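[1] starting from these lines, generate the structure:
(one chain, ligands or ions: 1)
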Amino acid sequence: MAYQVLALKYRPLLFDDLIGQSHISQTLSKAVETGRIANGYLFTGPRGTGKTTSARILAKALNCVEGPTATPCNKCPICNEITAGSSLDVLEIDAASNTGVDDIRTLRENIRYLPTSGKKRVFIIDEVHRLSGSAFDALLKTLEEPPAHALFIFATTEPHKVPQTILSRTQRYDFRRVTTAMLAEHLQNLANKEKVEIDKEALFLIARKGEGSVRDALSLMDQMIAVADGPISLEQTSRTLGVVDRKIFEKLLEIIAAGKTEPIFDLVKVLFESGVDSADFVNDFISYLRNLLIQKSTSDPAGLLDISESEKEALVRQASFFSETDILRMIQILADLLGKLKIGYDERIFLEIALVRLARMEASITLQEVIQRLKQLSANQPAPASGNMFDNLKPPHAARPANSQPTTSYRRPSQPAQSSPTPPPQPPPPPTSPTSCAPPPFQQAPRPANDQIIPGQPINLPRVQMGWSGFLDLLKKRKQMLASMLSEGKVSDVTDNKITVSFAPTNITNKQVAQKPDAVAVIEETLREHFNIAIRINFQIDASVKPPPVASEPSAGLEAVNTEDLFSSDPDLKKMVEQIDGEVIGKKKIEE
Ligand SMILES: [Zn+2]
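    Prediction:
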């Protein structure tokens, strides 16, 4: 037997068979059961959502020998003729190819005749918005005084193009785009009936590509069944339909979060070799980020996200990597890229550049956060008078911070070394790391007896943990901001004189700042001085680390702002933004 396309084979025969349109099937069923049938209906909605199918079911519901009934038998000759499109009482006109007034005149001639076998003469006009102005006028005359046996059903994807005079004489039903999840479920049912073995994620891919249209999704499924030889895999579907598997975005985002650039070039290479359209790819990535934004910013993302379970898991995990502001910035960069691709920029080069920009993008830190940090610090030490706020804030001659722990207390460098009681023998200073930048002038301080640091001895985790707060105190005198950021991390490992500090995923900013070469140099220099041995440091993100309490999401309530206008009205702000190499992402009123 020849293959019958799925859309025809499984065309809904009853209102209840409609996919994703329960609001319509219920209302129409009720109208038929109560006999409250209007003379004109307008079915609007995206293509492939069941508008003309519903029109035929309604025609059958009214004309079936067992009717009017909300559940036509689909067996009697009248039902069969309507299903086959051969009924003389049900006329289907495609306005897309019959836009002329003559067709409507013919229709008006036709309308006077009584139904041949059924009870109603049903006129289904598809794509009704395509009718010409004079055709609409002719139609209107018929609609104003329709014979009792006539029923008009207009279908359109563009209801705003239908004249108000027609709209006001019809009952409007809005068909909805079918959700990806619902389409995927429908496809799964049909695959079961057809005994086709297909990967669940592949079904989601087909459903997504169907973009809310049952007809389009079924036709893509036909295509896959035609090419497949055995079970249909995700990979095969992705390749055949030219759709990017969303797993690639998961992977890409992990690369970006880790700040790596090398894998990006490999990924773009693979993309271009597989022939994926780069604009499609960027669009899909933007839509992935949009989902991430919803996951991040809404209390009930499930209600808004139309994605598979495995995609949800990835989103939940990845939402912790970025702030809302970061996600918006990434979307902006990609939207700019899309514009460049449209006007003919070299696709591969600009895709690479944009993705590398994303990976190199530093996490957003708002001025409000900076101010907040400074306030926290100034609770212990007076704020600096001037200078770059990320730079070392000169050690003030204030008392030691009250919160330092006594077991690891560390004497202030201002104390003269000679005055120290029984200083331990000073080991020869270890070689300075070649990358190290000169630290601020600093006098080696004597170590208190309870510091438990034995010079030159290899360090281990307990030793570092005990000496950590003393180290932070020392670092604070050189790089106050850096010390504050480090204090939010946790020393998680010490191996071969290498310390690993773990940050909570929400603290990715701290990691990014701390791992900059000049920051690392200062940290390692300070570690060396404090622990008296050359120590390397590295940083990682660890979901098990508890993030420190934060006041509020910095990006919440940001108001869009035109940077140029802002700078021309406030040159000082411009200078400050330039000095910290910042970027204006919006403005927000800060309450004192
Ligand atoms: Zn019937």
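[2] quick one: contacts for the residue in the stretch 251-400 of the chain that the ion sits nearest to?
    Going by Cβ to the ion, the ion is nearest to Asp306 of the stretch 251-400 of the chain, at 36.4 Å. C-beta here means a position set from N, CA and C on the backbone, and glycine is covered the same way. Going by Cβ atoms under 8 Å, 6 or more residues apart in numbering, Asp306 touches Thr179, Thr180, Ala181.
[3] please tell me how far the second one sits from the ion.
    Using Cβ to the ion, to the nearest Å, Thr180 is found at 34 Å from the ion.
[4] before we move on, the earlier item: out of the contacts of Asp306, which is nearest to Thr563?
    For these, the minimum distance to Thr563 (Cβ to Cβ) is 37.3 Å, reached by Thr180.
[5] state the distance from the closest one to Val520.
    45 Å (Cβ to Cβ, to the nearest Å).
[6] so between these two, which is more surrounded?
    Thr180 (23 against 19; other Cβ atoms under 10 Å).
[7] the more buried one and Ile206 touch, don't they?
    No - contact criterion Cβ atoms under 8 Å: Thr180 and Ile206 do not qualify, at 9.6 Å.
[8] do you have the helices of the stretch 251-400 of the chain handy? List them.
    Secondary structure of the stretch 251-400 of the chain (DSSP state H, counting those that start in this stretch): helices at 262-273, 278-297, 309-319, 324-342, 347-360, 367-378.
[9] which of those helices sits closest to Lys546?
    helix 309-319 (16.9 Å).
[10] and the angle from the closest one to helix 324-342?
    Comparing the axes of helix 309-319 and helix 324-342 via axes from the mean of the first three to the mean of the last three Cα atoms, to 10 degrees yields an angle of 110 degrees.
[11] restricting to C-alpha, output helix 309-319 in CSV.
    Extracted in CSV, the C-alpha atoms of helix 309-319 (Å, rounded to 0.1, in the frame of the first residue of the first chain):
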residue,chain,number,x,y,z
GLU,A,309,12.8,17.5,30.6
SER,A,310,16.5,17.1,29.8
GLU,A,311,16.6,20.7,28.6
LYS,A,312,15.0,21.9,31.8
GLU,A,313,17.7,20.2,33.9
ALA,A,314,20.4,21.9,31.9
LEU,A,315,18.7,25.3,32.3
VAL,A,316,18.3,25.0,36.0
ARG,A,317,22.0,24.2,36.3
GLN,A,318,23.2,26.9,33.9
ALA,A,319,20.9,29.6,35.3
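[12] so what touches it?
    Helix 309-319 has contacts (Cβ under 8 Å, 6+ apart) with 201, 204, 246, 250, 253-254, 257, 291-292, 295-296, 301-302, 305, 307.
[13] off-centre distance for it?
    When distances are taken as Cα atoms, centre = their mean, to the nearest Å, helix 309-319 is centred 10 Å away from the chain's centroid.
[14] in which helix or strand would I find the closest residue to Met182 other than its chain neighbours?
    Setting aside the residues directly before and after it, Met182 is nearest to Gly20 in space (Cβ to Cβ, 6 or more residues apart in numbering), at 4.8 Å. Applying DSSP states H and E as the criterion places Gly20 outside every helix and strand.
[15] what sits against Gly20?
    Thr49, Arg176, Arg177, Val178, Thr179, Met182, Leu183, Val214.
[16] for it, phi and psi?
    phi 70, psi 20 (degrees, to the nearest 10).
[17] next: Leu461.
    Per-residue torsions, Leu461: phi -60, psi -50 (degrees, to the nearest 10).
[18] quick check: bridge partners of the residue lying closest to it once chain neighbours are set aside?
    The shortest distance from Leu461 to any non-neighbouring residue, by Cβ to Cβ, 6+ apart, is to Val494 (4.4 Å). Beta-bridge partners of Val494, counted by DSSP bridges, are Ile499.
[19] my guess is Val494 meets Ile459, correct?
    Yes - at 5.9 Å, Val494 counts as touching Ile459 under the criterion of Cβ under 8 Å.
[20] neighbours of Gly85, how many?
    Neighbours of Gly85 under the rule other Cβ under 10 Å: 9.
[21] look up how far Ser323 lies from it.
    Gly85 is 56 Å from Ser323, by Cβ to Cβ.
[22] hang on, the earlier thing: show the buried residues in the contacts of helix 309-319.
    Taking 16 or more other Cβ atoms under 10 Å as the criterion, what is buried in the contacts of helix 309-319 is 201, 204, 246, 250, 253, 257, 291-292, 295-296, 301, 305, 307.
[23] which elements pack onto the one helix or strand Arg105 maps to?
    In the assignment (DSSP H and E), Arg105 maps to helix 101-111. Applying 3 or more Cβ pairs under 8 Å, 6 or more residues apart in numbering; DSSP states H and E, we find helix 101-111 packed against strand 90-94, strand 121-126, helix 133-144.
[24] and the shortest one, C-alpha only, in CSV?
    Extracted C-alpha coordinates of strand 90-94, given in CSV (Å, rounded to 0.1, in the frame of the first residue of the first chain):
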residue,chain,number,x,y,z
VAL,A,90,-20.1,22.1,1.7
LEU,A,91,-18.1,24.4,-0.6
GLU,A,92,-14.6,25.2,0.1
ILE,A,93,-13.1,28.3,-1.5
ASP,A,94,-9.5,29.2,-1.2
